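> model the structure of this input:
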Amino acid sequence: MLNSADVNIRTKVIWELKYCMTKLQQLQKLVEEKGELMVMSDTGEKFELHKHNVKFDESSDLVEIDGGTKKFWLIPSKIAYYWTHDKAREE
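Below you'll find the model as predicted:
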């Protein structure tokens, strides 16, 4: 059972993710915490972001994915969904 301190901390984290952080920062935080994050663009393309193959550039507001033979750049506002293996979030 959650006590009031747990609820307050959880509420603060949810509020920070939703209102204080840019979408780029939210994605970066999730990759750091989970190790990987799956995203789907507004055109339906799917990408896997991993700690070892992604860079977050706040100055240009871009996510750079090193796909080995190809590089991809994503605009966070064009990401329709993102999820970890346990849940999905629509934006």
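> and stretch 46-60, how far apart are its ends?
Criterion CA to CA, to the nearest Å; first-to-last residue distance in stretch 46-60 is 21 Å.
> could you report the pLDDT at the most centrally placed residue in the chain?
Closest residue to the average C-alpha location of the chain: residue 27 at 2.0 Å, with CA atoms, centre = their mean. At residue 27, the pLDDT value in this model is 93.
> correct me, but it touches residue 37?
Yes. Residue 27 is within contact range of residue 37, at 6.5 Å (criterion: CB atoms under 8 Å). C-beta here means a position set from N, CA and C on the backbone, and glycine is covered the same way.
> quick check: neighbours shared by the two?
49, 82 (CB atoms under 8 Å, 6 or more residues apart in numbering).
> and residue 33, that's in a strand?
No. Assigned with DSSP: H, G, I helix; E, B strand; the rest coil, residue 33 falls outside any strand and is helix.
> and it, how many neighbours?
9 (other CB atoms under 10 Å).
> likewise for residue 83?
Neighbour count of residue 83, defined by other CB under 10 Å: 15.
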